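Q: Return atomic coordinates for the entry below.
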Amino acid sequence: MNKKSMGQFLAALRKANGMTQQDVADRLNVSNKAISRWERDECAPDLTLIPALAEMFGVTCDELLKGERILDNFTPEKNEPKVDKQIKVLINRSVSSFKTTILISVALAVVGYICMLGISYGFYRPIVGFAVLMLFETAAFVITVIATNRLKDVKTDNELFENADKALTDRFNKSLSFFSFVAFFTIIAVIVLSVPLTINKTNYIGAVVSSGYYFTIFVPVIALGLALLFFTTKEPYSAWITGIPYSASQKAKNPTVFRMNLFQFGAVVLGGLLLIIAPYFASPSYVGESAFYIIVELLAFSLLFFSVIVFLVFVIKSTDDRKKLAFYGLRNLLLIPCVTLCASAHTVSYVIYDVSISNPSYKKYDYLDYSTFLLGAVLFVLIILIFKVIAIITKNKSQDPV
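A: Predicted coordinates:
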């Protein structure tokens, strides 16, 4: 008996019948490790199992022991359609079960948020509501992790998956990345949306942020930030969870655009921050401004002006990437009014409370107009989000077949 040819023959028969090692092991009531050892010719099946193996694969005991077909008209290729059907059934069944589990996870996350709102505004106990919310989110997170790992195991542990065509594998990877990302993102979004409800604006134990303030201020601002986070992290997450290489950095895609964004966006943000903290350097005297205040403001406006110069230099100098440079450069320039609006919300004033001719004393008042600051922040995020969506739509249209 040629043990090597017998092991190869067993492996060929199993794959031709669209079966996994685990399927064969279950039918013979043995471990899948035993099947693996047989196919690697480390050992041979017990003689009592030979008839069962022959019946399972539709061969004779002599053929199984010999390690080859005796009849000349046998061709394993005849069973290839069966293999393809088995692969489709495997993928469709796994994806369908995964989607159902993910929907349950998302439903738990949403129910937790509803409980948070009900406990906060029905019983005025936002901390208790947040604790109940975290129980739901923890359960949803665990369910999502288990479902995701199980679906990934189908891809890594099943040999039939190696024979799947590109359309099936693409569908599998897309379902794995999209639905798991939606579940994880929903859990994070619900927790972030619930945090403002725990803010106690008074000294009362049962205090909760007013519903009007919460739904008109916090929810829109957080929703915009979450939308930007969704579009920014979706593709890198998909590459990580599926193991498909993806260059997430704009530098790898287009070095010129990356450099312009680095200089321009950095200058805008840093200039805005300097404008926000500039009032701290103002002089209590109304006669003139302090030297530090003037230096900080000059530096801030110089950075904003530098972002404009960077845009013009890159657009004029480059010819191949001019459209992309103009697109992202315009986005960065539109952020300048946003940061200046945020800066205008912060003011510092001084009032004389000890009138003395030789050494007057001043009392400092630090004031932040929240509505103006939030308006600038919302516009900042909204501009980035709009341009991100436009870039995604444009990219998808350019990839569509003509």
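
Q: Flag every buried residue along stretch 36-48.
A: For stretch 36-48, a neighbour-count test (16 or more other Cβ atoms under 10 Å) marks 38-39, 41, 44-45 as buried. Placement of C-beta: from N, CA and C, glycine included.

Q: Tell me the one of the residues you listed nearest Arg93?
A: Set against Arg93, the nearest of the buried residues of stretch 36-48 by Cβ to Cβ is Glu39 (24.8 Å).

Q: mind listing what the closest one touches?
A: 7-8, 10-11, 14, 21 (Cβ atoms under 8 Å, 6 or more residues apart in numbering).

Q: what about the closest residue to it other than its chain neighbours, which SS state?
A: Distance criterion Cβ to Cβ, 6 or more residues apart in numbering; nearest residue to Glu39, sequence neighbours excluded, is Ala11 at 4.2 Å. Put simply, Ala11 is helix when judged by DSSP: H, G, I helix; E, B strand; the rest coil.

Q: go on, Tyr350?
A: Secondary structure for Tyr350, judged by three-state DSSP, is strand.

Q: Just list whatever residues bridge to it.
A: Lys364 (DSSP bridges).

Q: Quick check: the gap between it and Ile277.
A: Using Cβ to Cβ, to the nearest Å, Tyr350 is found at 17 Å from Ile277.

Q: Of the contacts of Glu39, grab the buried ones for ChimeraX.
A: Here is the ChimeraX selection string for the buried members of the contacts of Glu39, based on 16+ other Cβ under 10 Å:
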select :7,8,10,11,14,21
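
Q: For the contacts of Glu39, which two are the farthest from each other?
A: Gln8 and Gln21 (14.4 Å).

Q: can you tell me which residues contact Ser344?
A: Contacts of Ser344 (Cβ under 8 Å, 6+ apart): 369, 372.

Q: Same check on Thr242?
A: Contacts for Thr242 (Cβ under 8 Å, 6+ apart) come out as 173, 176-177.

Q: Might one say that Val111 is in contact with Glu137?
A: No - with contact defined as Cβ atoms under 8 Å, Val111 does not reach Glu137; the gap is 10.2 Å.

Q: Of the two, which one has the most company?
A: A direct count of neighbours by other Cβ atoms under 10 Å for Val111 and Glu137 places Glu137 higher, at 22 against 16.

Q: doesn't Val192 make contact with the more buried one?
A: No - with contact defined as Cβ under 8 Å, Glu137 does not reach Val192; the gap is 10.9 Å.

Q: if I look at Glu63, how far off is Leu53?
A: Using Cβ to Cβ, Glu63 is found at 11 Å from Leu53.
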